[in-house]
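**Q** Structure of the sequence below:
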Amino acid sequence: MLSLLKCKCLIGYLWTSAIIAGLLTIIFFTFIDPINVAKLLELDREGAMFEVKVYASIFTFIWFTLNASTYLSHYFGQLLRLLEQEEQQKIERESKSVSDTHLEAG
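**A** Okay, the predicted model is just below:
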């Protein structure tokens, strides 16, 4: 089960990524008008709801892309830390075994 601190971090992360996705969506639609793209591709557009659907779908796509990118960065960062810890433990075991053999020989 998620602790309260993890829930707060998750909500804070999702909230900030939603803000960034919103800003990226605004920037994206500053240069690209969905109605013009629909006309170019000869898509069926049913008025204002078409634009809302396009805006919502692009926002959702950008938001999920940001979330996936951040999750993968976090996952691979944890994996790297785990590999570094295992390497450090291996080095410590090897140095301990070497120092034990020196004590026995002396």
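**Q** contacts and neighbour counts: CA atoms only from here.
**A** Noted.
**Q** so how far is the worst-scoring helix or strand of the chain on mean pLDDT off the chain centroid?
**A** One helix or strand of the chain scores below all others by mean pLDDT, DSSP states H and E: helix 34-41, with a mean of 77. On the basis of C-alpha atoms, centre = their mean, to the nearest Å, helix 34-41 sits 31 Å off its chain's mean C-alpha point.
**Q** Repeat that for stretch 46-58.
**A** Distance, centroid of stretch 46-58 to centroid of chain: 26 Å (C-alpha atoms, centre = their mean).
**Q** Equivalent analysis for stretch 18-29, please.
**A** 16 Å.
**Q** what's the answer for stretch 62-75, then?
**A** Using C-alpha atoms, centre = their mean, the offset of stretch 62-75 from its chain centre is 2 Å.
**Q** what sits up against it?
**A** 14, 17-18, 21, 24-25 (C-alpha atoms under 8 Å, 6 or more residues apart in numbering).
**Q** what do you get if the cut-off is 7 Å, keeping everything else the same?
**A** Applying C-alpha atoms under 7 Å, 6 or more residues apart in numbering, the contact partners of stretch 62-75 are 17-18, 21.
**Q** what angle sits between the following helix or strand past the least confident helix or strand of the chain and helix 34-41?
**A** As assigned by DSSP states H and E, the chain's next helix or strand after helix 34-41 is helix 48-105. Between helix 48-105 and helix 34-41, the angle comes out at 100 degrees (axes from the mean of the first three to the mean of the last three C-alpha atoms, to 10 degrees).
**Q** what mean pLDDT would you report for helix 48-105?
**A** Mean pLDDT, helix 48-105: 82.
**Q** Need the distance between the two termini of stretch 37-57.
**A** End-to-end span of stretch 37-57 (C-alpha to C-alpha, to the nearest Å): 15 Å.
**Q** Near Leu23, how many other residues are there?
**A** Neighbour count for Leu23, taken as other C-alpha atoms under 10 Å: 12.
**Q** OK, contacts around it?
**A** Here Leu23 is in contact with no residue (C-alpha under 7 Å, 6+ apart).
**Q** ok, it to Ser57 distance?
**A** Taken as C-alpha to C-alpha, the span from Leu23 to Ser57 is 14 Å.
**Q** circling back: which of the contacts of stretch 62-75 lies closest to Lys53?
**A** Using C-alpha to C-alpha, the shortest approach to Lys53 within the contacts of stretch 62-75 belongs to Ala21, at 15.8 Å.
**Q** All good on my end, thank you.
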